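Q: everything below, folded, please.
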Amino acid sequence: MHPFGVLFWQEKAMLLISDVHLGKVSHFRKFGAAVPQKAIQRNFDLLDELVSYFTPKTICFLGDLFHSSLNAEWQLFEKWVERTAGDIILVSGNHDIISPLKYHRIGIHVISEIELEGFLLTHHPEEREGLFNFSGHVHPAIKLRGNGRQSLRLSCFFKRGRQMILPAFGEFTGSHVVKHKKHDEIFAIVENDIIKI
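A: Predicted coordinates for the structure are as follows:
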């Protein structure tokens, strides 16, 4: 687990990233939301930093790579793909409405899921006999409360049984506070660290 909200599968040199939602900032700005322009570049800067740190052979996006239809961020994404080494896979999510042909033209494989060595990689959380599932979609977060009325909401990796849900990677994606049970495991992102709650 990395504090940017991604997982690195060392044996496969595979970087797992979920819910980047590229294009969301441009989409909001188009409709008048006061979102800073530099937020667009932030996702690409973080992706570059991760690729430089891990040097993955494969980058696997677990769905919702783009928030909606094509906009100006697609050109930035194409440039990012050009300068990024290794294979790039998109496990399609509910927001991935851009034609797979657009992705294929720039060398990205678009598939519905990956089953590999006892692991199942999907966008929506799945339960399948004999497999451990890594997914996204939920944008999990935990809410911590102090003795007063103060509270803190933190994105997290959420593990329940044979399933782990990754936090959303993208800027301005929002989050959903998960209702946890006794045996669930929560790994909160706190600044530049991962803390088991």
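Q: can we go C-alpha only for contacts and neighbour counts from here?
A: Noted.
Q: quick check: bridge partners of the closest residue to W9 other than its chain neighbours?
A: By the measure of CA to CA, 6 or more residues apart in numbering, the closest residue to W9 outside its immediate chain neighbours is L15, 6.3 Å from it. Per DSSP bridges, the residues bridged to L15 are F8, I59.
Q: 39 is where my numbering starts, stick with that
A: Sure, I'll start counting at 39 from here, so that last one is L53.
Q: strands of this protein, start to end?
A: Ranges of strands in the chain, per DSSP state E, are 45-47, 52-55, 96-99, 125-129, 146-149, 152-154, 157-159, 170-173, 178-183, 189-197, 201-203, 214-215, 223-228, 231-234.
Q: and the longest helix that the chain contains, what other elements does it pack with?
A: Longest helix of the chain, by residue count under DSSP state H: helix 76-92. Here helix 76-92 touches helix 62-68, helix 111-120, going by 3 or more CA pairs under 8 Å, 6 or more residues apart in numbering; DSSP states H and E.
Q: state the number of residues packed around the nearest residue to K95 once chain neighbours are set aside.
A: Nearest residue to K95, sequence neighbours excluded (CA to CA, 6+ apart): G124, at 4.7 Å. G124 has 15 neighbouring residues, counting by other CA atoms under 10 Å.
Q: run a quick neighbour tally on L103.
A: Neighbours of L103 (other CA under 10 Å): 25.
Q: I'd say it and V58 touch.
A: Yes - the criterion here is CA atoms under 8 Å, and L103 meets it with V58 at 5.0 Å.
Q: quick revisit: tell me the contacts of the residue nearest to K95?
A: 94-97 (CA atoms under 8 Å, 6 or more residues apart in numbering).
Q: any quick PyMOL command for the buried ones out of those?
A: Burial among these is assessed by 16 or more other CA atoms under 10 Å; the matching PyMOL selection reads:
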select buried, resi 94+96+97
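Q: what residues of stretch 182-192 count as buried?
A: For stretch 182-192, by 16+ other CA under 10 Å, it's L192.
Q: which residues does it contact?
A: 179-181, 215, 226-228.
Q: can we see that at 6 Å?
A: By CA atoms under 6 Å, 6 or more residues apart in numbering, the surrounding residues in contact with stretch 182-192 are 179-181.
Q: ranking by neighbours, what's the top pick from those?
A: Counting by other CA under 10 Å, top hit in those: A179 with 25 neighbours.
Q: relative to R187, how far out is it?
A: 19 Å (CA to CA, to the nearest Å).
Q: same check on I144?
A: 50 Å.
Q: same thing with L159?
A: As judged by CA to CA, L159 and R187 stand 39 Å apart.
Q: G208 reaches V58, doesn't it?
A: Yes - between G208 and V58 there is a contact under CA atoms under 6 Å: 4.0 Å.
Q: looking at these two, which is more packed in?
A: Between G208 and V58, counted using other CA under 10 Å, the more crowded position is G208 (29 against 24).
Q: low-confidence ranges, this structure, go.
A: The chain contains residues with pLDDT under 70 at 62-75, 77, 105-107, 209-210.
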